[in-house]
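Colleague: Next comes the sequence, and after it the predicted model I'd like to discuss.
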Amino acid sequence: MTLFEQAQTFFAAMNAKDFDTMVSMLSPTCEIRTPQGNFTGREEYRQWIAGLMRAVPDLTHELKGIKVESGNTLAFELHAFGTMTGPLGTPDGDVPPTGRHMDVGGTDFWRFNSDGLVELYHLSFDQLEFLTQLGIGQQI
C-alpha cells in the first residue's frame, strides 16, 4: 500500500467515525501539530478529533489536489467540511453551535516510521477562515 493509500484509509475511517482504525495508524508517540495546538500520541489525537466532531458531527474530509510521496514522507491537500451543530470546546469554555457550514482547505505532512505508522503529523489550515465560516471568528 502506498503512503497516499494509507492516508485515504485513515480519512475513510475518519469519515466513518472509526476512531480505533484512525489511531491504530498513528505511532503511540506520534507528534501532532495543528493550528489549534500541538500534542503527542494516539489518545490525545483521539480527544482532539472527537472534540471537533462534537462541534461538527458531519465533519467530512476529501483528499484532493497535490500529493507528494518521497521516501517515508507524504504531503497532500485536503478539504474538510460540515455544519456546526454542536458546541466547540475552547480553553475559555464551550462556544454554542451556530448552525453554519464550513468548507476549509488544508495540507497534511506525514512522516512514517519503519513500522508503517505515522510518527509525525502536521496539519495546516487557516484557522481564522475556519472560525469565520462557522460564525464564531469574533467570539474567540
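Modeller: Looks like it arrived, so ask away.

Colleague: so who does the nearest residue to residue 72 once chain neighbours are set aside touch?
Modeller: Leaving aside its chain neighbours, residue 72 sits nearest to residue 112 (4.6 Å; criterion: CB to CB, 6 or more residues apart in numbering). Every C-beta, even on glycine, is put in place using the N, C-alpha and C of the backbone. By CB atoms under 8 Å, 6 or more residues apart in numbering, residue 112 lies in contact with 3, 6, 72, 73, 74, 118, 119.

Colleague: Could you tell me which of those count as buried?
Modeller: Listed as buried from these are 3, 6, 74, 118, 119; burial here means 16 or more other CB atoms under 10 Å.

Colleague: Now flag whichever of these is closest to residue 104.
Modeller: The closest of the buried ones among the contacts of residue 112 to residue 104 turns out to be residue 74 (CB to CB; 20.2 Å).

Colleague: what's that closest one in contact with, if anything?
Modeller: With the criterion set at CB under 8 Å, 6+ apart, residue 74 makes contact with 3, 4, 6, 7, 67, 68, 108, 109, 110, 111, 112.

Colleague: Sticking with it, tell me its helix or strand.
Modeller: Assigned by DSSP states H and E, residue 74 belongs to strand 73-83.

Colleague: Check residue 64 too.
Modeller: Judged by DSSP H and E, residue 64 forms part of strand 60-70.

Colleague: Give the rounded mean pLDDT of that strand.
Modeller: Taken as a whole, strand 60-70 carries a mean pLDDT of 95.

Colleague: The chain should start at 583 in everything you say after this.
Modeller: Done: numbering now begins at 583, and the last item shifts to strand 642-652.

Colleague: relative to strand 655-665, how tilted is that strand?
Modeller: 170 degrees (axes from the mean of the first three to the mean of the last three CA atoms, to 10 degrees).
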